[in-house]
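K.L.:
Mind looking at a prediction? Sequence and model below.
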Protein chains: 2
Amino acid sequence: MKGNVIALTELRGAAATKDRLLDAAEALFMEHGFEATSLRLITAAAGANLAAANYHFGSKEELFQAVLTRRLDPMNQQRVELLDRFERETAPDAVRCERILAALFIPALRLARDPQRGGTNFLRLLGRAYADPAPFIRRFLSEQYAQMIDRFKAAFARALPHLPKKELSWRLHFIMGALSYTLAGTDALKIISELNPLETENDEILLRRLAPFLLGGLNAPLPELNDVSREFDLDLERRT
Amino acid sequence: MKGNVIALTELRGAAATKDRLLDAAEALFMEHGFEATSLRLITAAAGANLAAANYHFGSKEELFQAVLTRRLDPMNQQRVELLDRFERETAPDAVRCERILAALFIPALRLARDPQRGGTNFLRLLGRAYADPAPFIRRFLSEQYAQMIDRFKAAFARALPHLPKKELSWRLHFIMGALSYTLAGTDALKIISELNPLETENDEILLRRLAPFLLGGLNAPLPELNDVSREFDLDLERRT
DNA sequence: ATAGGATTAAAACGAGCGTTTGACGTTTTG
DNA sequence: CAAAACGTCAAACGCTCGTTTTAATCCTAT
């Protein structure tokens, strides 16, 4: 009973402008970044009053975190759930790398496919947030991702038992780099190259291109760290 | 003769503060990003007057571009020169992927090794600039990288003749993503994981870890784009 | 019907921003 | 040695920012 009343009130009124603020903020933060996006721009785009942003969220930083949390929380939860199911299905064997990567990608794909829930915009925003220097963003992201990453790192460790822990950590780092960079879609190089016409390629095809690439990287032979790799030092010496 | 006079005057006077401004700007832009770094902060750190920045560089944007150009121009030129030499040495055969990657990495490594010339700081700044949404940054980077990337793309195309052009473009995109993300060192995930103690790992070892990973990705089998890859769709359907 | 909390609206706050100006030494030049 | 150019400096301009305040308005619950 009371639940219905609240639900109704939320549709027009309180939560309506709150959601409009989140939507507008999501789009604008993506386009201009955190610093360069003003609350005045956001509230105007949302058709709300300037004070509404601070009223509903307390501060600009909290608004930004709310924008991220709204999509990130469910997505990361889905990732872990998916990995859990894979592990249940293949137990007691280790889940193969392909499937671990799939558990990482599918929830992102699902989000990209759903324009109602932010769609591609949010993934771009997320990719951008990864590279933002603001301390509160860094802190927030690390908190949000901590448990998920640890779960996946453990899964990869079982799938690649020969790989040293340190090396695995780095390769996971590379994976997240390529993933966020790709999802962010900020590649300045893309603009000029003949890659341009494929702007229309959707994120699904994109992730399917990325998956084999990362898989190849994961299974790559170990680097020779003590012994100098020939390709490198040779040329550092006999430089012109 | 005249060259000496200029060199002397540059040490104390005009170019002295100009260089101090560039150094201070480089460090501060890296730490806080473009938007969040004020000219007042930069000029104060450089021990110069506020107006000096606009006097020497015209605007904040031009100062930023000057910071990038100072290191980026020579680095990219070295990359192309190195690739040229490799091609001369192995002609008429195609240069192997390992060496093409080396031509890409070595100049970055050289820069990271030279603390006098910006060292790691600049690479971090560069990685951060890659993800910056500001249009003038994007335009600037694409102009700076255009020819270099095209040269390397052609080299990779010769080394990997079986790879479709489109696929190669994307894999190059992934490579630049992992590279810039790694050099930027902004990984929020690193903060909490047990990866932490290796903060001390220098960029050289880091790039040597990255190289085999990317090589594995480059040589990965082609993705199945028409035919749905089993791992993916299976789970999109039977979602809970 | 109405009291009271929730939400909006409009205005103002102080601070910080990039940029410009004009005066003042200093150096270079003819 | 005068003149022109260069570099530095303090001050100010106009603007936008995030946030706060004050009052008016709407909605729900008694």
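P.N.:
Received the coordinates, thanks.
K.L.:
any low-confidence regions in chain A?
P.N.:
Residue ranges of chain A with pLDDT under 70: A:1-15, A:116-119, A:185-203, A:225-240.
K.L.:
can we see that at 50?
P.N.:
Across chain A, the ranges flagged by pLDDT under 50 are A:1-13, A:191-200, A:227-229, A:233-240.
K.L.:
got the residue ranges for the strands in it?
P.N.:
Using DSSP state E, no strands are found in chain A.
K.L.:
All the helices of it, residue numbers only.
P.N.:
A:2-11, A:14-32, A:39-45, A:50-57, A:60-90, A:97-113, A:119-130, A:135-159, A:165-184, A:203-218, A:230-237 (DSSP state H).
K.L.:
So which elements touch the fifth one?
P.N.:
Spelled out, it's helix A:60-90. If you count contacts as 3 or more CB pairs under 8 Å, 6 or more residues apart in numbering or on different chains; DSSP states H and E, helix A:60-90 packs onto helix A:14-32, helix A:39-45, helix A:50-57, helix A:97-113, helix A:119-130, helix A:135-159. Every residue, glycine included, has its C-beta placed from N, CA and C.
K.L.:
Buried residues of it, list them for me.
P.N.:
Of the residues in helix A:60-90, A:60, A:63-68, A:70-72, A:75-76, A:78-79, A:82-83, A:85-87 count as buried by neighbour count, 16 or more other CB atoms under 10 Å in any protein chain shown.
K.L.:
Ok, the shortest one next?
P.N.:
Neighbour-count burial for helix A:39-45 flags A:39, A:42, A:43, A:45 (criterion: 16+ other CB under 10 Å).
K.L.:
dump the residue contacts of the nearest residue to the third one once chain neighbours are set aside.
P.N.:
Nearest in space to residue A:43, with sequence neighbours left out and distances taken as CB to CB, 6 or more residues apart in numbering or on different chains, is residue A:50 at 4.9 Å. Each residue near residue A:50 by CB atoms under 8 Å, 6 or more residues apart in numbering or on different chains is listed here: A:39, A:40, A:43.
K.L.:
Tell me how far residue A:50 lies from DNA strand C.
P.N.:
5 Å (CB to the nearest atom of the strand, to the nearest Å).
K.L.:
The helices and strands packed on helix A:60-90 into JSON lines, with extra columns for distance to residue B:163?
P.N.:
What follows is the helices and strands packed on helix A:60-90, written out as JSON lines (distance: least, CB to CB, whole Å):
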{"stretch": "helix A:14-32", "distance to residue B:163": "32"}
{"stretch": "helix A:39-45", "distance to residue B:163": "43"}
{"stretch": "helix A:50-57", "distance to residue B:163": "48"}
{"stretch": "helix A:97-113", "distance to residue B:163": "20"}
{"stretch": "helix A:119-130", "distance to residue B:163": "25"}
{"stretch": "helix A:135-159", "distance to residue B:163": "26"}
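K.L.:
Of these, give the one that comes closest to residue B:161.
P.N.:
Residue B:161 lies closest, by CB to CB, to one member of the helices and strands packed on helix A:60-90: helix A:97-113, at 26.5 Å.
K.L.:
do the closest one and chain B meet at all?
P.N.:
Yes: residues of helix A:97-113 are located near chain B by CB under 8 Å from any CB of the partner chain, namely A:98, A:99, A:101, A:102, A:105, A:106, A:109, A:110.
K.L.:
Could you pick out the buried ones from the residues you listed?
P.N.:
Buried, going by 16+ other CB under 10 Å: A:98, A:99, A:101, A:102, A:105, A:106, A:109, A:110, out of the residues of helix A:97-113 next to chain B.
K.L.:
Does the last one touch residue A:79 like I think?
P.N.:
No: with the criterion set as CB atoms under 8 Å, residue A:110 and residue A:79 do not qualify as a contacting pair; they are 10.3 Å apart.
K.L.:
one step back: now render the helices of chain A as TSV, adding distance to residue B:177.
P.N.:
Putting the helices of chain A into TSV (distance: least, CB to CB, whole Å) gives the following:
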stretch	distance to residue B:177
helix A:2-11	40
helix A:14-32	18
helix A:39-45	29
helix A:50-57	32
helix A:60-90	20
helix A:97-113	15
helix A:119-130	9
helix A:135-159	17
helix A:165-184	3
helix A:203-218	9
helix A:230-237	22
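K.L.:
Out of the contacts of residue A:50, the closest to residue A:215 would be?
P.N.:
residue A:39 (43.2 Å).
K.L.:
so how far is residue A:207 from the closest one?
P.N.:
Plainly put, residue A:39 is 34 Å away from residue A:207 if you go by CB to CB, to the nearest Å.
K.L.:
residues contacting residue A:125?
P.N.:
A:26, A:29, A:30, A:67, A:68.
K.L.:
Okay, the second one and chain B: tell me how far apart.
P.N.:
To tie it back to what came earlier, the one meant is residue A:29. Distance from residue A:29 to chain B, counting by CB to the nearest CB, to the nearest Å: 9 Å.
K.L.:
Can you report how many residues neighbour that residue?
P.N.:
26 (other CB atoms under 10 Å in any protein chain shown).
K.L.:
hang on, it packs against residue A:37?
P.N.:
Yes: with contacts counted by CB under 8 Å, residue A:29 reaches residue A:37, the gap being 5.3 Å.
K.L.:
before we move on, the earlier item: now the contacts of residue A:50 as CSV including distance to DNA strand D?
P.N.:
CSV is the format used below for the contacts of residue A:50 (distance: CB to the nearest atom of the strand, whole Å):
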residue, distance to DNA strand D
A:39, 4
A:40, 4
A:43, 8
